[in-house]
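K.L.:
can you look at this prediction? I've put the sequence above it.
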Amino acid sequence: MKLNAEVDTVTAAHYRVRGYPTILVLKPDGTEIDRVVGYYRAPEFMGQVEDYLAGRNTLASMAAAESTLGRNRAFLSRLADKFQEHGLSEEAKTRYLRLVALDPTNKSGLVDDALMNLLQMSKRDKDYAVARKYAQTILDRYPDSDNMKPAFLEVGIIWKRAGDLAKARKVFLDYAAKFPDDEDAPYAKEQADTLAAQIARKSGA
C-alpha cells in the first residue's frame, strides 16, 4: 500500500515518518518490523527487506546487541542513524553524543558526521545556540573534515534563522573570501547580498 505522508499525516505521525521515501516493513497486524529510508537500487533494497524479515539489522536486534557492542564506534554510529530514521530523536542523540565522547580525535571518521546530525536535529528543534555549538566543534576540532565547509556555512544559516542578520552576513562573506573557488562560494555571496539588503531595509524602517 502506498500513502502520501503529506496528505495522510495521521499515519505518517503514527509511524514517525520524517523523510521520503520511507518504506515500512510491517507485520500483518500493522506492527513495524523496520523501515528503509531513502532510495536504494533494487538488489540493495531487497537485501535489506530480506534481512528485516529474518530479524537481522532491525532496530530491535541492534538495540538488543547494544549491551555488548555499545562501545564499538561503527556499531554505535549505525544504531544512532537507525534511531534517527525511526524518528526517535532523543535515543539517536544519546548514541551520537556517546560516539563523540568515545572518539574525541575522530579516529573512526564518524564523529564529524555525528556532530552534523546533532546540528541538524538541534536546528529542526530551533535550538540554534546548541546547533551552532556543534558546527563550531567541527570547525575547531576537525578542520580537515569533509564536513568543515558545510559546518562553516551552517553557522551562517543558523545565525540567519536566529535572526542575527549581521552575524550571518559576516559568516557568508568570510566563507566566500576564504574559499573563492568553492562551488558554494556563489551561494555564500548571494546570501551575503540578500542579507545586506534586508539589513538596509531594517535600518531605514
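P.N.:
Thanks, I have it. Residues are numbered from 1 along each chain as shown.
K.L.:
report the longest helix in this structure, please.
P.N.:
Using DSSP state H to define each element, the chain has its longest helix at helix 185-204.
K.L.:
that one - contacts with which helices or strands?
P.N.:
The contact analysis (3 or more C-beta pairs under 8 Å, 6 or more residues apart in numbering; DSSP states H and E) places helix 185-204 against helix 148-162, helix 165-178. For the C-beta atoms, the positions are set from N, CA and C on the backbone; glycine is no exception.
K.L.:
most packed of those helices?
P.N.:
helix 148-162 (a mean of 20; mean count of other C-beta atoms under 10 Å).
K.L.:
which outside residues touch that one?
P.N.:
Contacting residues not belonging to helix 148-162 are listed as 112, 115-116, 119, 123, 126, 128-129, 131-132, 134-136, 138-139, 142, 145, 165, 167-169, 171-172, 175, 178-179, 182, 184, 187-188, 191, 195 [C-beta atoms under 8 Å, 6 or more residues apart in numbering].
K.L.:
repeat that for stretch 120-134.
P.N.:
For stretch 120-134, contacts defined as C-beta under 8 Å, 6+ apart pick out 84, 89, 92-93, 115-116, 118-119, 151, 154-155, 157-159, 161-162.
K.L.:
give me the distance between the most centrally placed residue in the chain and residue 173.
P.N.:
Ranked by distance to the mean C-alpha position of the chain (C-alpha atoms, centre = their mean), the top residue is residue 117 at 3.2 Å. Using C-beta to C-beta, to the nearest Å, residue 117 is found at 28 Å from residue 173.
K.L.:
quick one: closest of the helices and strands packed on helix 185-204 to residue 71.
P.N.:
helix 148-162 (26.2 Å; C-beta to C-beta).
K.L.:
quick one: the closest one to helix 185-204, angle?
P.N.:
Between helix 148-162 and helix 185-204, the angle formed by their directions is 20 degrees, by axes from the mean of the first three to the mean of the last three C-alpha atoms, to 10 degrees.
K.L.:
any idea how far helix 148-162 is from the chain center?
P.N.:
Chain-centre distance of helix 148-162: 14 Å, with C-alpha atoms, centre = their mean, to the nearest Å.
K.L.:
ok, and the closest non-adjacent residue to residue 59?
P.N.:
Nearest non-adjacent residue to residue 59, counting by C-beta to C-beta, 6 or more residues apart in numbering: residue 82, 5.0 Å away.
K.L.:
near the one you found, how many other residues are there?
P.N.:
Residue 82: 22 surrounding residues under other C-beta atoms under 10 Å.
K.L.:
run a quick neighbour tally on residue 37.
P.N.:
19.
K.L.:
follow-up on the earlier one: how about the helices and strands packed on helix 185-204 in CSV, adding mean pLDDT?
P.N.:
As requested, those are arranged in CSV below (pLDDT from 0 to 100):
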stretch, mean pLDDT
helix 148-162, 98
helix 165-178, 98
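K.L.:
among those, which is nearest residue 44?
P.N.:
Closest among those, using C-beta to C-beta: helix 148-162, at 25.5 Å.
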